[in-house]
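K.L.:
Next one to model:
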Amino acid sequence: MLMLSLNKRLKSVHSLTPTKRRKTAVEIMQPTASTSSKSASTLPEATAEATDSEPQLNVGISNGVEKKKRPRTSEEQTAVSKEKHPLLPPCRNECTRKCYLKISPIRRADIHEQFWAQSYESRRMWLFHHIVRVEVQRRRTTGENSRKPRQSSFKYKLPDDNGNDVFVCKVFFLRTLGYASDKVVTCLMSTTNPTLLSPNPSTRGKHKPSNCVDESVITDHINSFNPQISHYRREHAPRRRYLSPEITIKFMFTDFESKYPKFCTYDKYRKVVQKLNISFCKLGEEECEFCLINQNHRCDSTNDVECDECRKFMEHKALAAKVRQLYAGDKQASVSSEGHSYRSVDLQKVIMMPRLPGVKTAVFTRRLVVFHETFAPLKSLSNTISVVWHEAISGRGADDIASSFVTAMKQESGVKHFTFWMDNCSAQNKNWTIFTAMVSYVNHESGPESITFKYLIAGHTFMSADAFHASVEKQLRKKRICMILMISNNPFQTLIKML
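P.N.:
Next up, the predicted model:
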């Protein structure tokens, strides 16, 4: 990294020391022939005969007993419930209501089939409308130790062959539906107010398990690391966010465990990271040429120090890691520093205006090239400074970039020290024009006391300004934004203010 510091008395270049990064490996275990034959011998006889003809995969078999799969969907649960509640015999011939004469056996089977073809909520609704709540007609005298008298009685009705509801006894009603007890009636009617027109909604699956973990706490901790959309991958993965390659899930979980001891397991924390669509992988477009060339290098030496190519690559990785560590240090320092501004600077790729997708007239209109120099804070994007101009005002030469620096620093008149992180573009950020302009501005009466330029390693230049560029292009893709820009005097400036 080349760090250029300009002030009234100092101009220095700092060197960095290399560090070694850790490598990880993935081991793949495959079953041997002996273990395969041993496991095959424990299967049932029918399964062993099938394996002689063709290989088969047996899932859910333990000690020769096949385990039934748990029903997941509503259709599977309904089928299992219907199997558990077959059609039962009707009431006896001694029934005073003579229910067997009112409903034929064929009609009973049809009612049972239609009842269990419904969903759980539909079955509850059907039961509620075929059970009539009435007052108790005859009460018995009770003693002091007797249970509380019931408040109401129930009458039961079923549709006959003509579709008319006829009253039947409770035994005939329940056995027609496949129930052996009246527990379903008690649970339904005891939890429903008599004045309601429909039963209360079921609370199945809505109770919070005792081992449930509040994921919002984990999500807030993950977002405290500020994952950002990649400037390099936003076209291919616009919804994926990225963290610095130096951060690992293990490091994040260790920090989380120190703040919330025994709150969740590592596996739960890792699953929340995956659910938030956060990645730690290297970005393909961010790879530098030196790293790509080294991937095809085959070292014949047993010691990496003896190989000149391997030694240079180790120094390159150590330097990139050290620069990224310094970037992270300035990122933390920007939170509590007063009078010192830390920002990443980058020029967004040219934007052609007007940008009106779907408008045929705009297709044949000559486009105006717009330039956008971003000065984004390292920690958050809430106070980003955007310097915007178009080709009719000026170009994007070294003097134009230097002018944008001065314009951005004038927006923070109370700041005395500036630190800018940039890439290694010599035409914009590494030339004597911008250096001379910064020296002149430092020595001006209204200028700051110091301006420090820090450069990331080529190919490893991911920074906060790239994430802000992704937000700009994301808003440009929205049709609603385009319509607002159409009626604006300064469309791109309006867009930047809306972010």
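K.L.:
residue ranges with poor pLDDT in the stretch 251-400 of the chain?
P.N.:
For the stretch 251-400 of the chain, the stretches with pLDDT under 70 are 281-288, 300-306, 355-366.
K.L.:
Can you tell me the centre-most residue of the protein?
P.N.:
residue 276 (2.2 Å; CA atoms, centre = their mean).
K.L.:
Which residue, neighbours along the chain excluded, lies closest to that residue?
P.N.:
residue 222 (6.1 Å; CB to CB, 6 or more residues apart in numbering). Placement of C-beta: from N, CA and C, glycine included.
K.L.:
wait, doesn't the one you found sit right on residue 275?
P.N.:
No. Using CB atoms under 8 Å, residue 222 makes no contact with residue 275, being 9.8 Å away.
K.L.:
So between those two, which is more surrounded?
P.N.:
Set residue 222 next to residue 275 and count neighbours by other CB atoms under 10 Å: residue 222 wins out with 22 against 12.
K.L.:
and that one, which of the three is it?
P.N.:
Following DSSP: H, G, I helix; E, B strand; the rest coil, we place residue 222 in the helix state.
K.L.:
so how far is residue 197 from the residue nearest to the centre of the chain?
P.N.:
43 Å (CB to CB, to the nearest Å).
K.L.:
same deal with residue 76?
P.N.:
31 Å.
K.L.:
same check, this time on residue 443
P.N.:
84 Å.
K.L.:
Who has more neighbours out of these two?
P.N.:
More crowded of residue 443 and residue 197, by other CB under 10 Å: residue 443, with 11 against 6.
K.L.:
domains for this structure, by residue range?
P.N.:
When the chain is parsed with automatic domain parsing, its domains come out as 74-136+152-190, 335-499.
K.L.:
so after the lengthiest helix in the chain, what's the next helix or strand?
P.N.:
In the chain, with assignment by DSSP state H, the single longest helix is helix 308-336. Downstream of helix 308-336, the next assigned helix or strand under DSSP states H and E is strand 340-347.
K.L.:
list the buried ones in that next one?
P.N.:
Under the neighbour-count criterion of 16 or more other CB atoms under 10 Å, strand 340-347 has 340-347 buried.
K.L.:
gap between residue 94 and residue 169?
P.N.:
Taken as CB to CB, the span from residue 94 to residue 169 is 11 Å.
K.L.:
Between the two, which has more neighbouring residues?
P.N.:
Counted by other CB under 10 Å, residue 94 and residue 169 do not tie: residue 169 has more neighbours, with 18 against 6.
K.L.:
Report the contact partners of the more buried one.
P.N.:
Residues counted as contacts of residue 169 (CB atoms under 8 Å, 6 or more residues apart in numbering) are 91, 95-97, 99, 156.
K.L.:
Pull the most distant pair out of the residues you listed.
P.N.:
96 and 156 (14.0 Å; CB to CB).
K.L.:
Between these two, which is the more surrounded one?
P.N.:
Neighbours per residue, other CB under 10 Å: of residue 96 and residue 156, the larger number sits with residue 156, 24 against 7.
K.L.:
burial count for the residue lying closest to residue 172 once chain neighbours are set aside?
P.N.:
Nearest in space to residue 172, with sequence neighbours left out and distances taken as CB to CB, 6+ apart, is residue 99 at 3.9 Å. Look at residue 99: counted by other CB under 10 Å, it has 23 neighbours.
K.L.:
Can you list phi and psi of residue 99 for me?
P.N.:
phi -70, psi -30 (degrees, to the nearest 10).
K.L.:
is it true that it touches residue 168?
P.N.:
Yes. Applying CB under 8 Å, one finds residue 99 in contact with residue 168, separated by 4.3 Å.
K.L.:
Please convert the contacts of residue 169 to TSV, extending it with pLDDT, distance to residue 241 and secondary structure.
P.N.:
Output for the contacts of residue 169, formatted as TSV (pLDDT from 0 to 100; distance: CB to CB, whole Å; DSSP: H, G, I helix; E, B strand; the rest coil):
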residue	pLDDT	distance to residue 241	secondary structure
91	89	65	coil
95	88	69	coil
96	86	72	coil
97	85	68	coil
99	90	66	helix
156	92	59	strand
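K.L.:
Going by distance to residue 374, which of those residues wins?
P.N.:
residue 156 (73.7 Å).
K.L.:
roughly how far is the strand ranked longest in the chain from the heart of the chain?
P.N.:
When the chain is parsed with DSSP state E, its longest strand is strand 368-377. Its chain's C-alpha centre and that of strand 368-377 lie 29 Å apart, by CA atoms, centre = their mean, to the nearest Å.
K.L.:
Let me know the angle separating the helix or strand just after it from strand 368-377.
P.N.:
Following strand 368-377 in sequence order, the next helix or strand is strand 385-390 (DSSP H and E). Strand 385-390 runs at 170 degrees relative to strand 368-377, counting by axes from the mean of the first three to the mean of the last three CA atoms, to 10 degrees.
K.L.:
what separates the closest residue to residue 448 other than its chain neighbours from residue 72, distance-wise?
P.N.:
Closest residue in space to residue 448, ignoring its immediate chain neighbours: residue 416 at 5.2 Å, by CB to CB, 6+ apart. Distance, residue 416 to residue 72, using CB to CB: 63 Å.
K.L.:
elements contacting the helix or strand hosting residue 101?
P.N.:
Using DSSP H and E, residue 101 sits within helix 99-102. Using 3 or more CB pairs under 8 Å, 6 or more residues apart in numbering; DSSP states H and E, the elements in contact with helix 99-102 are strand 165-168.
K.L.:
what's the strand it packs on packed up against?
P.N.:
helix 99-102, strand 153-159.
K.L.:
from the chain's centre, how far out does the longest one sit?
P.N.:
Relative to the centre of its chain, strand 153-159 is centred 51 Å away, using CA atoms, centre = their mean.
K.L.:
do the same with the shortest one
P.N.:
Taking the mean C-alpha point of helix 99-102 and that of its whole chain, the gap between them comes to 59 Å (CA atoms, centre = their mean).
K.L.:
next one: stretch 446-457
P.N.:
Counting by CA atoms, centre = their mean, stretch 446-457 comes out at 37 Å from the chain centroid.
K.L.:
Just the helices from the stretch 101-250 of the chain, written as ranges.
P.N.:
Ranges of helices in the stretch 101-250 of the chain, per DSSP state H, counting those that start in this stretch, are 105-116, 120-129, 170-177, 183-190, 215-223, 249-259.
K.L.:
what comes up buried for the fourth one?
P.N.:
This means helix 183-190. 185, 188-189.
K.L.:
Summarise which helices and strands it is packed against.
P.N.:
Using 3+ CB pairs under 8 Å, 6+ apart: helix 183-190 touches helix 120-129, strand 131-134, helix 170-177.
K.L.:
and the shortest one, which residues are buried?
P.N.:
Residues of strand 131-134 classed as buried by neighbour count (16+ other CB under 10 Å): residue 131.
K.L.:
what residues does that strand touch?
P.N.:
By CB under 8 Å, 6+ apart, strand 131-134 touches 152-157, 185, 188-189, 194.
K.L.:
Partner strands of it and their direction?
P.N.:
Looking at strand 131-134 with DSSP bridges, its partner strands are strand 153-159 (antiparallel).
K.L.:
CA atoms only: put the partner strand into PDB for me.
P.N.:
C-alpha atoms of strand 153-159 as PDB (Å, rounded to 0.1, in the frame of the first residue of the first chain):
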ATOM      1  CA  SER A 153     -76.500 -29.400  26.200                       C
ATOM      2  CA  PHE A 154     -75.900 -30.200  22.500                       C
ATOM      3  CA  LYS A 155     -78.000 -31.700  19.800                       C
ATOM      4  CA  TYR A 156     -76.500 -33.300  16.700                       C
ATOM      5  CA  LYS A 157     -77.700 -33.300  13.100                       C
ATOM      6  CA  LEU A 158     -76.600 -34.800   9.800                       C
ATOM      7  CA  PRO A 159     -77.800 -34.300   6.200                       C
END
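K.L.:
Fine by me, thanks again.
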